[in-house]
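> any chance you can model this:
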Amino acid sequence: MQDETTVQAVQEGEVVNSSPEEQAQDAASAQKTELEQVKGERDQLLDRLARLQAEFDNARKREAKERQDARDYVVSSTVEPFLGVMDNFQLALNSEGSVEQLRAGVGLILKQMEDALKGLNVVPVESVGAQFDPRFHEALGSVETREFPDHQVVEEIRRGYKMREKLLRPALVKIATNPSQVSE
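Model prediction:
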């Protein structure tokens with residue numbers, strides 16, 4: 001029966017290996033070819049992995065450099081307006097004018113400093129005359145008086161500042177306590 005199958009296969013144009021050695025060689029050859037193909041795919045994948053790792057490392061380094069550059073830019077643009085203030089303080093220290101002239105100079109320097117802060121959207125917290133607000137004020141004491149309503153800020157000890165709506169530093173204040181008003 002095997003002879004009939006062999007004859008039929010030969011008639012159909014198929015090559016039939018009759019010896020088991022040839023079949024083993026063909027199987028080994030096929031496995032060798034498949035192994036070479038798998039090795040080639042592996043090498044391609046390893047190359048791709050190495051390239052992706054290098055790309056990722058470069059992107060990480062580039063991002064870190066960009067972040068540092070952004071920090072440097074922010075710091076330099078923040079510091080620049082204050083360099084003129086420092087120059088003017090240096091001039092004030094070296095001046096030989098009267099006390100009134102020195103006071104006027106320091107007043108101008110203070111105005112320059114306030115302008116620099118406004119340029120950075122930093123504004124003072126409204127205090128004196130305002131109602132005490134624990135979100136923006138820190139009470140350091142109270143003054144008993146009948147002139148002002150209860151819990152009104154009557155004295156600012158240290159100015160508070162905010163940037164847009166974010167509080168940078170609360171104002172240190174003294175508030176009025178009016179014994180004629182009942183506080184709720």
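> after the helix or strand of the chain with the lowest mean pLDDT comes which helix or strand?
Lowest on mean pLDDT, DSSP states H and E among the helices and strands of the chain sits helix 2-11, with a mean of 50. Next helix or strand after helix 2-11 toward the C-terminus (DSSP states H and E): helix 20-94.
> now do the helix or strand just after that next one against helix 20-94, angle only.
Remark: after helix 20-94, the chain's next helix or strand is helix 99-119, criterion DSSP H and E. Angle, helix 99-119 to helix 20-94, by axes from the mean of the first three to the mean of the last three CA atoms, to 10 degrees: 150 degrees.
> helices or strands up against helix 99-119?
helix 20-94 (3 or more CB pairs under 8 Å, 6 or more residues apart in numbering; DSSP states H and E). Heads up, the C-betas are built off the backbone N, CA and C, glycines and all.
> now find how far off-centre the helix it packs on is within its chain.
In this view, helix 20-94 has its centroid 20 Å away from the chain centroid, taken as CA atoms, centre = their mean, to the nearest Å.
> stretch 110-123 now?
Counting by CA atoms, centre = their mean, stretch 110-123 is centred 24 Å from the centre of its parent chain.
> show the average pLDDT along that stretch.
The average pLDDT within stretch 110-123 is 93.
> buried residues, that stretch. List them.
112-113, 116-117, 122 (16 or more other CB atoms under 10 Å).
> again with stretch 168-177
170-177.
> quick one on the thing from earlier: any chance of the buried residues of stretch 110-123 in CSV, plus distance to residue 150?
Putting the buried residues of stretch 110-123 into CSV (distance: CB to CB, whole Å) gives the following:
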residue, distance to residue 150
112, 38
113, 35
116, 37
117, 32
122, 31
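> and those, which is closest to residue 75?
Nearest to residue 75, judged by CB to CB, of these is residue 116 at 14.4 Å.
> from what I see, the closest one and residue 79 are in contact.
No: look at residue 116 against residue 79 with CB atoms under 8 Å: they stay out of range, at 9.8 Å.
> ok, the buried residues of stretch 110-123 vs residue 44, which is closest?
Once CB to CB is applied, the member of these that ends up nearest residue 44 is residue 122, at 57.6 Å.
> residues touching residue 148, list them.
154, 176, 178 (CB atoms under 8 Å, 6 or more residues apart in numbering).
> look up phi and psi at it.
Here is the backbone geometry of residue 148 (degrees, to the nearest 10): phi -120, psi 150.
> do you know how far it is from residue 85?
35 Å (CB to CB, to the nearest Å).
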